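1. give me a model of this one.
(one chain, ligands or ions: 2)
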Amino acid sequence: MKSLTLIALTLALGVCQAAIIETETLAGNDRSVSSIITDKLEAMKVQMADGFPRFGIPPMAPLKVSHRDLNYETGEMRIMGQVDDVVINGLNEFEIRVMDYSAILSRIKYEFNFASLNLTTQYEADVGAGYHMERKGGAFMALEDLNIAGFIKYSTGLLPSSSFRVKQIDVRVKVGKVVSKIENLSKYRIFNRKLNEVIEEFISLTINDNTELLASWIDSAVTPMCNDLIGDRSLKDLIALITGESQSISSTVVDVIEGMKEQMPCGFPAAGIPPIAPLRINHKDIDINTDGLKMKGSIDHFRLNGLNDFDITEMKVNAITSKVTYKFSFRDVNVDTTYNLEMMLKKFGFTINMVGAGHAKFALKDMVIWGTMRYSLGMLSGKLKLKSLEVRTHLGEVDSEIEGMLGDGGINEKMNEYLAEAVEMAINENEDLIADTIESVALPVVNHALEDVSITDMINGGDGGDGGEKEVCIPPELEW
Ligand SMILES: *[C@@H]1O[C@H](CO)[C@@H](O)[C@H](O)[C@H]1NC(C)=O
Ligand SMILES: *[C@@H]1O[C@H](CO)[C@@H](O)[C@H](O)[C@H]1NC(C)=O
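-> Ligands and ions are numbered 1, 2, ... in the order given. Below you'll find the predicted structure:
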């Protein structure tokens, strides 16, 4: 029965926690809240292996108790003794059959099914029931097809600062089959089996015939425990408590990105990525031939500058809703190159022929990139998957200084102005199109890349990858 208390308490805790998530998703409907609670409980099952240190709950899957005195007395039966090396299995092996949240009723209905909740132990007991016997040996007990169902009612108060209160916890417990294998109850094997059968029936009846009693006992014991845990905290405080972990995730992500920024001038050799701040190409022949555009020639001393010159204006990781909100501000991302190109542009029935050579600079200034991404983290596999990626872009200003385009002088100047305006408009007025395109292109690529790495690799990867001390990147001196 002790372990049942523990299950009830843990589930109640989980549901207490889960109920709090409600305000995170006020926009969401009841069904999405139910699924968040389900996710939270699934995560809790995994966490049960390590326990909940914050609530003073030890590892529970399995739950190990080294020693406990037994002192049980009821009516004419008396058991005195002790159990050692108790191992309880299956506390985390439950199926969530019902999870139904209703905001209007401030109620969460649930049903959990445990396939087998079992216990092994060594026991020593002095059993008296009109007679007296000393027994010791190994014992195995299992509750199979254990069903725990009921509801939790709570109040959130009218003000955000009102305390969150659990009003009622209804728990109905039913067991399908009880298995008892206690050694040495009798030294005769057949009689020992009979005694175990009696115990099986006794436990089965105790649980199944006292559903109401058990329910009211759990409500009276667990509800105050739940409220004690919550204390005077308001819903807002509780959200801060839960998302406190997320804040530290956010700052870790910021640190990792800042570290990457510093590394960009040296590249990421381990990942086969060359220096990208600046990204330089000494010489490249260009030969593009599509329906609309023909381009032939070469570029020399091509530099893409400024990829590492950005501020992280926002980085919020919400571990509960699995959502990342970000915003990066780039000051000046620019291309600087010399070129020698013949270009033929066929568009709208025109053919534009251009021959140009010289120095070219093209800059995107005050570019802001922001958006959200949603991810899922496989609790068992530890694999991260991107579910959606929204990338919004806005340009402050575009600067085009391409020498030799349509000759020099006035026409060249006008041409550059047009080009700058066209690019700025193309980007700023097609936010949705750009966002959709990036999402459709990047999502599969990113997920493909994530397939082979686990979250642990990624966390280690943030430190440089190959395990050793991270080498600080000293930006190399460049000749051009
Ligand atoms: C004990 O419970 C665990 C978890 O439910 C289960 O995997 C295991 O088979 C059970 N052991 C026995 C002997 O029934
Ligand atoms: C208990 O039972 C086991 C197996 O039936 C036996 O090996 C053992 O000796 C017994 N122990 C005691 C203290 O009777």
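
2. mind listing the strands the lengthiest strand in the chain pairs with, and their directions?
-> Taking DSSP state E as the criterion, the chain has its longest strand at strand 350-377. On the basis of DSSP bridges, the sheet neighbours of strand 350-377 come out as strand 323-347 (antiparallel), strand 384-389 (antiparallel), strand 392-394 (antiparallel), strand 397-402 (antiparallel).

3. for ligand 1, which of those strands is the nearest?
-> For those, the distance to ligand 1 is smallest for strand 384-389, at 28.0 Å, taking Cβ to the nearest ligand atom. To be clear about C-beta, it is placed using only N, CA and C from the backbone, and glycine gets the same treatment.

4. so how far is the closest one off the chain centroid?
-> Taking Cα atoms, centre = their mean, to the nearest Å, the mean C-alpha location of strand 384-389 is offset from the chain mean by 11 Å.

5. returning to what we had before: in a markdown table: the strands paired with strand 350-377, plus mean neighbour count, mean pLDDT and distance to ligand 1.
-> As requested, the strands paired with strand 350-377 are arranged in a markdown table below (neighbours: other Cβ atoms under 10 Å; pLDDT from 0 to 100; distance: least, Cβ to the nearest ligand atom, whole Å):
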| stretch | mean neighbour count | mean pLDDT | distance to ligand 1 |
| --- | --- | --- | --- |
| strand 323-347 | 17 | 89 | 33 |
| strand 384-389 | 16 | 86 | 28 |
| strand 392-394 | 16 | 92 | 48 |
| strand 397-402 | 18 | 92 | 63 |
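
6. residue 62: which of the ones you listed is closest?
-> Comparing the strands paired with strand 350-377 against residue 62 with Cβ to Cβ, the closest turns out to be strand 384-389 (28.2 Å).

7. okay if I get the strands paired with strand 350-377 as TSV plus distance to residue 142?
-> As requested, the strands paired with strand 350-377 are exported to TSV (distance: least, Cβ to Cβ, whole Å):
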stretch	distance to residue 142
strand 323-347	41
strand 384-389	36
strand 392-394	56
strand 397-402	71
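
8. of all those, which one is nearest residue 72?
-> The closest of the strands paired with strand 350-377 to residue 72 is strand 384-389. By Cβ to Cβ, the value is 49.2 Å.

9. could I have that closest one exported to PDB, CA atoms only?
-> Extracted C-alpha coordinates of strand 384-389, given in PDB (Å, rounded to 0.1, in the frame of the first residue of the first chain):
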ATOM      1  CA  LEU A 384      16.100  16.000 -31.400                       C
ATOM      2  CA  LYS A 385      13.800  16.700 -34.300                       C
ATOM      3  CA  LEU A 386      12.700  20.100 -35.700                       C
ATOM      4  CA  LYS A 387       9.000  20.200 -36.200                       C
ATOM      5  CA  SER A 388       8.700  23.700 -37.600                       C
ATOM      6  CA  LEU A 389      11.000  26.500 -38.400                       C
END
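
10. and of the strands paired with strand 350-377, who's closest to residue 360?
-> Checking these against residue 360 by Cβ to Cβ gives strand 397-402 as the closest, at 4.2 Å.

11. quick one: name whatever helix or strand follows that closest one.
-> helix 410-428 (DSSP states H and E).

12. figure out how far the helix or strand following that next one is from the centre of its chain.
-> Note on helix 410-428: by DSSP H and E, the next helix or strand toward the C-terminus is helix 431-450. Here helix 431-450 is found 20 Å from its chain centre; the criterion is Cα atoms, centre = their mean.

13. residue ranges with poor pLDDT in the stretch 201-350 of the chain?
-> Where the stretch 201-350 of the chain drops to pLDDT under 70, the residues are 222, 225-226, 229-249, 319-320, 347-349.

14. what about the residue of it found nearest ligand 1, how many neighbours?
-> Taking Cβ to the nearest ligand atom, ligand 1 has its nearest neighbour within the stretch 201-350 of the chain at residue 203, 15.3 Å off. Residue 203: 17 surrounding residues under other Cβ atoms under 10 Å.

15. need the contact list for the nearest residue to it once chain neighbours are set aside.
-> Once flanking residues are discounted, residue 203 sits nearest to residue 178: 4.7 Å by Cβ to Cβ, 6 or more residues apart in numbering. Neighbouring residues of residue 178 by Cβ atoms under 8 Å, 6 or more residues apart in numbering: 141, 142, 143, 144, 199, 200, 201, 203, 204, 207.

16. quick one on the thing from earlier: between the longest strand of the chain and helix 431-450, how big is the angle?
-> Strand 350-377 and helix 431-450 are oriented at 50 degrees to each other (axes from the mean of the first three to the mean of the last three Cα atoms, to 10 degrees).

17. name the residues of this structure found near ligand 2, please.
-> Contacts of the chain with ligand 2, taken as Cβ under 6 Å from any ligand atom, map to 136, 137, 183, 184.
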